[in-house]
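Chemist: generate coordinates for the sequence data below:
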Amino acid sequence: MKEWMKRIKLYAARLGLAGAVGAATYTGILGLRVQAPAFMTKPLTGYELQLAIAVYGFVLAALVWVYVRKPKRGWWKTNPIHSERQLVYLGAASGVLADYAWNDINRSFTGTIQSNLYDVTHLLSLIGVGWIVIRFLMFLAFAIGALVVERKGGLSGTAAGHAEPSFSLRPSLGVDGQDELNRKEFSEHIAEAIYSRMSRSAGSALTVGLYGPWGSGKTSVFDMMEAHLAKKTLRPPVIIRFQPWYSGKDQLNIIPEFLNLLIGKLKEQSPVAEAGLIGPLKRYAKYVTPISLRPPGMIVNLKDFAIHPEFSKEYNDAEELRQQIVEKLAHMKVLIVIFIDDLDRLDNKEIQMVFKLVRLIGDFPNTTYVIAMDEEIVTNSLAQMYSKDYKEDVGKKYLEKFIHIPVYLPTADPVRLSKLGWKSIEPILAYNEVKIAPDEVKALLHQAGCSPRNLQRLTNMLQIYLPLLKRDVHGMDLLRLLIIKVNVPGLFDYVLKHSGYFLGTVSDDQERGKIAGELREQYARYVPLVEQMYPPGMSDEERALGDLHKRICSPEHFWTYFMYSLPEGKLSQLQLNSFYKVVKADKLADKAYDNLVRASSITELNQKLSWNIAAMSTETNLDTLKVLTARFSRMYGTEETVDDPTHSTRSLIMDLLRSLLQGEGANNAYKILLAANANWVLASTAYYHWIGAASLEERLRDYFRDQFTYEALNRYERRDVQLIFDAWMKSAQEDTLRPVLSSWANRYGLGKTAQFLMDDQLEDDESTLSKYVRLIAYIPAELLERDVQQSGRLDTFAAAKKAVNRGADPLMAVLRYAHCRTYEYAHEVLSEAVSQKWFLREDIRRPVQDLCAYGFSPRLGDLRQLAERYQTEQAEQAVYKERGGDTDMASTLNIRKIYTP
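Modeler: Next up, the predicted model:
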């Protein structure tokens, strides 16, 4: 709303200019009609007529020269109302049109020559106004079209309503910049102290060292100091900004560049200096320049010229000129402040040359040098120049000789820095539609401790890499990595070099310990930041979430952060979004899926689609489920499903169902899953994983009721048949199972049916009992007796094992052995339990009970009577205990595990 109000005010102001010009034009013409009616109606002849036409032609030619231009390329993209020249013409022409419409009598070239020329003016005004209106309408159409395209995201997927952020290019706040780090008071205090000292007439130059790490904001302090000094009107100082880093290819250009800059600034800012000072300075520059070209270190002081005869004349001339300059500066009371920046960017020889300049060449009265530097860098540089052993204290002492007043830059408030960082980062995030909580970013910046310059570099890097990677990485992890890249490039390289350690794939304890030790020793301050990116001791669930959220700790996504693009065989979110568009259109979805599989792999594609489920709408997930289930049914049993070792397509469908069956898309998901041509494997897998729970069980019961047959079941792969059979058994009503399985056993054979109910492993008697009773619960024991009689009995474990070794069907061998041995084993267990008054475990008592219910009657013998006796005795003991009998039943019941004899 504020933006629209600004535009309305702008247009009102500009149209007001046109209105004012129009009113003035109308008033002027009206004044001519009132004051000079005789001239306006007087017929002109001869010279008067020629003069009138000539003057009119000259004025018209001048107007054409001023206003008529060759149309520029893309002229329809510019608003004519933004041109003051066009507004003046619009106003003047409107005044003419108004007067012509309201006041003119002789129209259409029916009056005097003056009236006819006014008719021409009216036509030209009408054409001009029409052209301006047409231009404005064309611009309006272009602007509306551009706005529509932007709102639809047509401009590189930009966020509607957010202007594209520009790169941060300023090296500092600028003289007119805002104090965003709360250093204005500090800067003005230093500037005022310098000005006060110079105002008291000092005989030599003062050097002030502004110490601070690289990128900590020294140049911005210079800006605020300069702004404060520039306000001095009584004795305004000459302010010079000198950056020796820009002074050519080597140190030999530093002094000539400085002196030329000094001369230029004195001429520009101090009228007093023009008289008698500029000339000596120019000559001084000529003398000093060749002297300074001598190899660094050969001459340390101007006094050394005395011992070099070949330079004696130059020395005398230079010294004489310097004295003249000193005297004139002292007499004129010219105040000079010289800011020298970027000293820590120079090499050793260039740094030495700057100090020679300050102490020897430019040691003038009422002059102050303010030198910004990183003390550590400059000290080390000087130590390399003047200490054989590169001792840092030597360089420090050398620096102390030159700097009269050391001033240390105050540490930036970390809270202000974090707010400043968020102010720069937030537009980039908004433009790229990446959502990160402001508090998260501010806390990260506070923790990282970026300098002002590194904050600028961080935002510029983020502006480059975020549009490239925003769909394929985690926003906060990318920000953390870029902070490390900006603040500690060595750590960035270290993480890349030891990627296996950070991804948890290094198994050697010694190597892990070594890397962890190096990390804490070299980058202790940044270990917490690294652990936010690579959390130690991650669980499987946390790793899965890392994959889902595209964290840098995920092996699937790690290399994307460092390659600034996806590795070979990996799919981008942009490719997946294209797939979703095709799926939604319900056209060529299979082809799009195949293309993505060819570009990567079926496992990669399905994994990426699975990670996207939570972010997609219900409609999109339903469309995807429909495409995938149809494809799975069509491709089942082909190379695609057989060679998919992780069953990724099946897993993806299960993930979709987990999401859909819990929400509003449940009914539609069930319809897709249980369609007439659907694959039973998918519904059975969902039931196995208990997806949809009771609701799916009820639907499966109806689904299988009319379709489930032995032939239909065996059309599926062997690994899936048991899954489908179990789903049918658990979902079907209990009273329908025995008739179906009995008919299968009669029609297709006992072994063909028993394979679904038991395995073919020979085991101990207890396990064999459990297998056998599960079988006879659904298949009549009489059928087993029939087959055993035909195939032969296997009464012992050894006999059964021998039969298998000789090539007998393992399942039938287990059945024959179980049919022979189970009854005997059950009789032994019950007899011993009754005689010894033992308590049978539930997993033995229940199978014995089922054996009595479903077993082959001729084989049961007195087993049922034994079971009844056992139950009676257990009931009596329970009653005895309830009536307060001996609570120590161990001697009576002898509760213990029944082991196989």
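Chemist: and the contacts of the host helix or strand of residue 399?
Modeler: Using DSSP states H and E, residue 399 falls within helix 392-402. Applying CB atoms under 8 Å, 6 or more residues apart in numbering, the external contacts of helix 392-402 come out as 207, 209, 355, 358-359, 375, 378-387. (C-beta placed from N, C-alpha, C; glycine too.)
Chemist: now, the residues you listed that are in helices?
Modeler: Those of those mapping onto helices are 355, 375, 378-386, per DSSP state H.
Chemist: first vs last residue of stretch 331-343, how far apart are they?
Modeler: 32 Å (CA to CA, to the nearest Å).
Chemist: for that stretch, buried residues please.
Modeler: Burial within stretch 331-343, assessed by neighbour count using 16 or more other CB atoms under 10 Å, is assigned to 332, 334-343.
Chemist: what are the buried residues along the host helix or strand of residue 826?
Modeler: Here residue 826 sits within helix 810-836, counting by DSSP H and E. For helix 810-836, the neighbour count (16+ other CB under 10 Å) marks 810-823, 825-827, 829-830, 833-834 as buried.
Chemist: give the next helix or strand downstream of it.
Modeler: Using DSSP H and E, the helix or strand that follows helix 810-836 in sequence is helix 842-854.
Chemist: give me the mean pLDDT for the next helix or strand after that next one.
Modeler: For helix 842-854, the succeeding helix or strand toward the C-terminus, using DSSP H and E, is helix 857-860. The pLDDT scores in helix 857-860 average 86.
Chemist: what sits up against helix 857-860?
Modeler: 781, 785, 823, 851-852.
Chemist: identify the farthest-apart pair in the residues you listed.
Modeler: 785 and 852 (16.4 Å; CB to CB).
Chemist: other SSEs contacting the strand or helix carrying residue 730?
Modeler: Here residue 730, judged by DSSP H and E, is contained in helix 718-731. Using 3 or more CB pairs under 8 Å, 6 or more residues apart in numbering; DSSP states H and E as the contact test, the elements touching helix 718-731 are helix 680-688, helix 693-705, helix 710-713.
Chemist: out of these, which gets the lowest mean score?
Modeler: Looking across the helices and strands packed on helix 718-731, the weakest by mean pLDDT turns out to be helix 693-705, at a mean of 81.
Chemist: what ranges do the strands span in the protein?
Modeler: 206-211, 238-242, 336-340, 367-373, 405-408 (DSSP state E).
Chemist: any chance of those strands in JSON lines, with mean pLDDT and distance to residue 613 too?
Modeler: As requested, those are exported to JSON lines (pLDDT from 0 to 100; distance: least, CB to CB, whole Å):
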{"stretch": "strand 206-211", "mean pLDDT": "92", "distance to residue 613": "56"}
{"stretch": "strand 238-242", "mean pLDDT": "91", "distance to residue 613": "59"}
{"stretch": "strand 336-340", "mean pLDDT": "93", "distance to residue 613": "60"}
{"stretch": "strand 367-373", "mean pLDDT": "93", "distance to residue 613": "55"}
{"stretch": "strand 405-408", "mean pLDDT": "92", "distance to residue 613": "56"}
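Chemist: out of the ones you listed, which is closest to residue 106?
Modeler: Taking the strands of the chain one by one with CB to CB, strand 238-242 is closest: 67.3 Å.
Chemist: list the buried residues in that closest one.
Modeler: By 16+ other CB under 10 Å, the buried positions in strand 238-242 come out as 238-242.
Chemist: likewise for stretch 126-138?
Modeler: Buried positions in stretch 126-138, judged by neighbour count with 16+ other CB under 10 Å: 128-129, 132, 135.
Chemist: ok now it, how far from the chain's centre?
Modeler: Distance of stretch 126-138 from the chain centroid (CA atoms, centre = their mean, to the nearest Å) equals 47 Å.
Chemist: mean confidence score for it?
Modeler: Averaged across stretch 126-138, the pLDDT comes to 82.
Chemist: still on that earlier bit, can I get the buried residues of stretch 331-343 in CSV including distance to residue 399?
Modeler: Converted to CSV, the buried residues of stretch 331-343 look like this (distance: CB to CB, whole Å):
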residue, distance to residue 399
332, 32
334, 28
335, 26
336, 23
337, 21
338, 18
339, 18
340, 14
341, 17
342, 17
343, 11
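Chemist: determine which two of these are furthest apart.
Modeler: Largest separation among those by CB to CB: 332 and 342, giving 30.5 Å.
Chemist: with distance to residue 45 as new columns, can the buried residues of stretch 126-138 be given to me in CSV?
Modeler: Shown next, in CSV, are those (distance: CB to CB, whole Å):
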residue, distance to residue 45
128, 31
129, 34
132, 38
135, 42
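Chemist: one step back: can you tell me which of the helices and strands packed on helix 718-731 is packed in deepest?
Modeler: Most buried of the helices and strands packed on helix 718-731, by mean neighbour count (mean count of other CB atoms under 10 Å): helix 680-688, with a mean of 23.
Chemist: does anything pack onto it? Which helices or strands?
Modeler: Right, helix 680-688 is packed against helix 618-635, helix 648-660, helix 666-673, helix 693-705, helix 718-731 by 3+ CB pairs under 8 Å, 6+ apart.
Chemist: hmm, try it at 6 Å
Modeler: helix 718-731 (3 or more CB pairs under 6 Å, 6 or more residues apart in numbering; DSSP states H and E).
Chemist: give me the buried positions along the helix it packs on.
Modeler: Neighbour counts using 16+ other CB under 10 Å place 720-725, 727-729, 731 of helix 718-731 among the buried residues.
Chemist: same thing with stretch 278-287?
Modeler: Using 16+ other CB under 10 Å as the test for burial, stretch 278-287 gives 278, 280-281, 283-285, 287.
Chemist: in CSV: these, plus pLDDT.
Modeler: Putting the buried residues of stretch 278-287 into CSV (pLDDT from 0 to 100) gives the following:
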residue, pLDDT
278, 80
280, 82
281, 81
283, 82
284, 80
285, 78
287, 72
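Chemist: how about a markdown table for those, with distance to residue 184 added?
Modeler: Shown next, in a markdown table, are these (distance: CB to CB, whole Å):
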| residue | distance to residue 184 |
| --- | --- |
| 278 | 35 |
| 280 | 38 |
| 281 | 34 |
| 283 | 41 |
| 284 | 37 |
| 285 | 36 |
| 287 | 42 |
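Chemist: just give me the closest of the residues you listed to residue 673.
Modeler: Out of the buried residues of stretch 278-287, the member with the shortest distance to residue 673 (by CB to CB) is residue 285, at 89.7 Å.
Chemist: for the closest one, what are its contacts?
Modeler: By CB atoms under 6 Å, 6 or more residues apart in numbering, the contact set of residue 285 is residue 259.
Chemist: need the longest helix for this structure.
Modeler: Per DSSP H, the chain has its longest helix at helix 113-151.
Chemist: show me what it is packed up against.
Modeler: If you count contacts as 3+ CB pairs under 6 Å, 6+ apart, helix 113-151 packs onto helix 84-102.
Chemist: quick one, the helix it packs on and helix 113-151 angle?
Modeler: For helix 84-102 against helix 113-151, the angle by axes from the mean of the first three to the mean of the last three CA atoms, to 10 degrees is 130 degrees.
Chemist: ok, residue 327 - how many residues close by?
Modeler: By other CB atoms under 10 Å, the residues close to residue 327 number 12.
Chemist: circling back to that earlier point, dump the strands of the chain into TSV; add distance to residue 703 as well.
Modeler: Below are the strands of the chain laid out as TSV (distance: least, CB to CB, whole Å):
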stretch	distance to residue 703
strand 206-211	80
strand 238-242	83
strand 336-340	84
strand 367-373	80
strand 405-408	80
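Chemist: nearest approach to residue 197 belongs to which of these?
Modeler: Residue 197 lies closest to strand 206-211 among the strands of the chain, at 6.2 Å (CB to CB).
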